[in-house]
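Peer 1: Need a 3D model of the following:
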Amino acid sequence: MKKLLIGIVAALIVVVGGVVIYSLVSDKDVTESEYVQEVNAEQEYTEKNSENKKDTENTADDNTTQEQTQQSSDEEKKVYTPTFMYFISNSDENFEETNKVIDELKKEYDGKVNFDIVNVDENPEAKENFPVDGQTPALIMLNTSNDISAFEFKCGDKDKLKSAIDAAMK
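Peer 2: Next comes the predicted model:
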């Protein structure tokens, strides 16, 4: 008996739902095919707007990507003058000889390389910014891309310093 009642109630719900839907559609004097056409038109409109939005987003993304590529190309193309950063201390072994080597290198690479010689005894804050305390003479060589191309501690050998400069200029 219960199953019969459940079946009847379910059938009534389906019938009432169908009548409600039919009355909504018939109130507008719309046939089923017209209703389907309206739904399709709405879907097409939604799809076109979605595609236009995607195209706009893609165009914006493409423009951003082009700008970023252009920026990175410009940055890659920019050539910097190599920089020879050299940290010395009055207490360095061979302090006087090292200064002579630096003077020779400055003359040889004049106008081709920036020389930044820092005496950490006269400029103690350099020790705070660069890890050279107790490691002098120390070289930090920046290449034409402004990247560190050499980092040497306890380096006063002229040939080694020249090699670092030459490598940074390539």
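
Peer 1: quick one, helices of the chain?
Peer 2: Under the criterion DSSP state H, the chain contains helices at 2-27, 32-77, 95-108, 125-129, 158-169.

Peer 1: List the contacts of the shortest one.
Peer 2: For helix 125-129, the surrounding residues in contact (Cβ atoms under 8 Å, 6 or more residues apart in numbering) are 87, 118, 120, 132-133. C-beta: built from backbone N, CA, C; applies to glycine.

Peer 1: go on, the last one?
Peer 2: The contact list for helix 158-169, computed with Cβ under 8 Å, 6+ apart, reads 82, 84, 101, 104-105, 108-109, 112-113, 139, 141-144, 149-150, 152, 155.

Peer 1: Kindly recompute the last result at 7 Å.
Peer 2: Residues from elsewhere that reach helix 158-169 (Cβ atoms under 7 Å, 6 or more residues apart in numbering): 82, 84, 101, 105, 109, 112-113, 139, 141-144, 149-150, 152, 155.

Peer 1: Any of these buried? List them.
Peer 2: Buried members of the contacts of helix 158-169, counted by 16 or more other Cβ atoms under 10 Å: 82, 84, 101, 105, 109, 113, 139, 141-143, 149-150, 152, 155.

Peer 1: so of the residues you listed, which ones are in strands?
Peer 2: Secondary structure assignment by DSSP state E places 84, 139, 141-142, 149-150, 152 of those in strands.

Peer 1: can I get these in JSON lines with pLDDT?
Peer 2: Converted to JSON lines, those look like this (pLDDT from 0 to 100):
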{"residue": "84", "pLDDT": "95"}
{"residue": "139", "pLDDT": "93"}
{"residue": "141", "pLDDT": "94"}
{"residue": "142", "pLDDT": "95"}
{"residue": "149", "pLDDT": "93"}
{"residue": "150", "pLDDT": "93"}
{"residue": "152", "pLDDT": "91"}
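
Peer 1: what's the most distant pair in the residues you listed?
Peer 2: 142 and 152 (13.2 Å; Cβ to Cβ).

Peer 1: okay, among the buried ones among the contacts of helix 158-169, which ones form the most distant pair?
Peer 2: Longest span within the buried ones among the contacts of helix 158-169, Cβ to Cβ: 101 and 143, 20.7 Å.

Peer 1: about what we covered before: what two of the contacts of helix 158-169 are the furthest from one another?
Peer 2: When Cβ to Cβ is used, the two most widely separated members of these are 101 and 144, lying 23.0 Å apart.

Peer 1: returning to what we had before: could you dump the ones in strands among the buried ones among the contacts of helix 158-169 into JSON lines with distance to residue 167 added?
Peer 2: Shown next, in JSON lines, are these (distance: Cβ to Cβ, whole Å):
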{"residue": "84", "distance to residue 167": "12"}
{"residue": "139", "distance to residue 167": "12"}
{"residue": "141", "distance to residue 167": "8"}
{"residue": "142", "distance to residue 167": "11"}
{"residue": "149", "distance to residue 167": "6"}
{"residue": "150", "distance to residue 167": "7"}
{"residue": "152", "distance to residue 167": "12"}
